[in-house]
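**Student:** I'll drop the sequence and a predicted model, then ask my questions.
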Amino acid sequence: MKGLRVLFAIALVAALIVVGIYWLRHRPQQIPTPFVTQGRLQVYALDVGQGDSALIITPEGKSVLIDAGPPQAGDEVVAALRKRDVRSLDLAVATHPHADHIGGMRPVIENFGVKNFLDSGQVYASKEYERMLRAIQEKGIRFIEAKKGMKFELDSGVKLEVLNPPGDGQWITEVRRGGSVENANSIVLRLSYGNFSMLFTGDAETETEDLIMESGAPLHTQILKVGHHGSRHATSARFLDAVAPEAAVISCGSDNRYGHPARQTLDRLRKAGVKIYRTDLNGEIAIVADGNEFEIHPARQPIQVALAAESNWWSLWDSVDESVPRAVASVAVGVTR
Amino acid sequence: MSNSNESIKAFVDRIESGLAVILLSDGSGVQFDLPLEYLPPGTEAGDHLLITFKLDPESREETLRSVAELKRRLTKDGDPQQTEFKL
């Protein structure tokens, strides 16, 4: 009889655990709170899957698009711009010529009047890049090749400053084994508005971060758009020291094959006390700033993100090492869905 | 794992909405989709494929030349010394 009771108790506990896990996984996600955009600087990290795209809208309505995601995200980027009433772009930026950053640019060029185009200036044998350049030429868009020190004044004190590439025919040519010269020469931009600032790093990795630090460029920013989708080869501890961000935005696709973001990068960010937002978990991430204070409004707030902020042990669940093959990565990530 | 000279063995696992879902036969878990029209006529689910890659240096050079020429034309009217832009 006693044995039966023990068995019943064990079964009850097991059932509670199962129900608990089910609840954690299927609990309704937090509804995003509405936020005021009028008269504020807005930055949207768009949810483009495995790629990168960010939209900036100034208080006076000027707009800048930094990258346009992969080719399959082109229509989504166009829709995201329309949703925000963007009719034309004052500036479009291709941080570097890889398809996960420029793939969606042609539909953008075809659907919106783009006034200026800022390119990294690299000559790269990509057919996708060639087609993008041809579209820019056909539309007669002003084409600017980025170099360190360039400044773009948007309005009301909203500025974009170019921190990389070096320019004037100088390029970063020494990269880690397995690294990419195209990534290293990504355009790095610092957006500033009053006391607010945000750093957009494209796919730059440590060698670029080191060079920017050596140049003495202003690096301290409130928000860091993490380099190279959270690769472990970017966002070094010393770079985080210099930037000292309060929050970080990582643009990556769920279940991507590249292990982005890397556990090491997430650990470095956590150790530095940086609040992490991820497009794969949070969807589109909106940042609004009035020049003094800023707010971050993710489109969704999954349970694992909320818990990760509270407890370190949970961090074991929400990321995997880049070296872990996709099959394992899917299982590890899938647990928290 | 394949040598560069050898064909890669793969198979059409299934066809979804006109896309052939192709998996490498080596169990590496690598898979990709290709529209059926890129495959030999009559390819169906369960068919096995030999995939061969060949480098195309001429195409690469041609694209590099084209990109360089496009950039030359796109930048010819710009002022390379300009660093301040008011948008």
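**Tutor:** Done, it's in.

**Student:** what's the closest non-adjacent residue to A:Thr173?
**Tutor:** Excluding the flanking residues, the one nearest A:Thr173 by Cβ to Cβ, 6 or more residues apart in numbering or on different chains is A:Val181, at 6.3 Å. Just so you know, the C-beta spots here come from the backbone N, C-alpha and C atoms, and that holds for glycine as well.

**Student:** got it, and A:Leu160?
**Tutor:** Per Cβ to Cβ, 6+ apart, closest to A:Leu160 is A:Phe152, 4.2 Å.

**Student:** count of neighbours near the one you found?
**Tutor:** Number of residues near A:Phe152 (other Cβ atoms under 10 Å in any protein chain shown) recorded here: 25.

**Student:** what does chain B put close to chain A?
**Tutor:** Chain B comes close to chain A at residues B:29, B:60-61, B:63-64, B:66-68, B:70-71, B:73-75, B:78, B:80, B:83-87, as judged by Cβ under 8 Å from any Cβ of the partner chain.

**Student:** which among those end up buried?
**Tutor:** For the residues of chain B next to chain A, a burial check counting by 16 or more other Cβ atoms under 10 Å in any protein chain shown picks out B:63, B:66-67, B:70-71, B:74, B:85, B:87.

**Student:** Show me where chain B dips below the pLDDT cut-off.
**Tutor:** For chain B, the stretches with pLDDT under 70 are B:1-5.

**Student:** same thing but 50
**Tutor:** For chain B, applying pLDDT under 50 flags the ranges B:2.

**Student:** Tell me where it has strands.
**Tutor:** B:8-16, B:19-24, B:31-35, B:48-51, B:84-86 (DSSP state E).

**Student:** Nearest to A:Pro165, out of those?
**Tutor:** Distances from A:Pro165 to each of the strands of chain B were compared using Cβ to Cβ; the shortest belongs to strand B:84-86, at 16.7 Å.

**Student:** Contacts for the closest one next, please.
**Tutor:** A:116, A:144, A:150-153 (Cβ atoms under 8 Å, 6 or more residues apart in numbering or on different chains).

**Student:** Let me have those in CSV, extended by pLDDT.
**Tutor:** CSV is the format used below for the contacts of strand B:84-86 (pLDDT from 0 to 100):
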residue, pLDDT
A:Asn116, 98
A:Ile144, 98
A:Met150, 98
A:Lys151, 97
A:Phe152, 98
A:Glu153, 97
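
**Student:** which one of those residues has the most neighbours?
**Tutor:** Counting by other Cβ under 10 Å, top hit in the contacts of strand B:84-86: A:Phe152 with 25 neighbours.

**Student:** After the helix or strand where that one lies, which helix or strand is next?
**Tutor:** Secondary structure assigned from DSSP states H and E places A:Phe152 in strand A:151-153. Proceeding C-terminally, strand A:151-153 gives way to strand A:159-164 as the next helix or strand, assigned by DSSP H and E.

**Student:** For A:Ile102, list the residues it contacts.
**Tutor:** A:67-68, A:94, A:128-129, A:132.

**Student:** Then A:Tyr44?
**Tutor:** A:Tyr44 neighbours (Cβ under 8 Å, 6+ apart): A:54-55, A:57, A:80, A:84, A:284-287.

**Student:** same thing but at 7 Å, please
**Tutor:** A:54-55, A:80, A:284, A:286 (Cβ atoms under 7 Å, 6 or more residues apart in numbering or on different chains).

**Student:** out of those residues, who's nearest A:Ser215?
**Tutor:** When the contacts of A:Tyr44 are ranked by distance to A:Ser215 (Cβ to Cβ), A:Ala54 comes first, at 23.1 Å.

**Student:** ok so, going back, mind listing the residues bridging to the residue nearest to A:Leu160?
**Tutor:** For A:Phe152, the beta-bridge partners under DSSP bridges are A:Leu160, B:Phe85.

**Student:** picking up where we left off before, I'd like the distance from the residue nearest to A:Thr173 to A:Val123, if you could.
**Tutor:** Per Cβ to Cβ, to the nearest Å, A:Val181 is found 11 Å from A:Val123.

**Student:** Lovely, talk soon.
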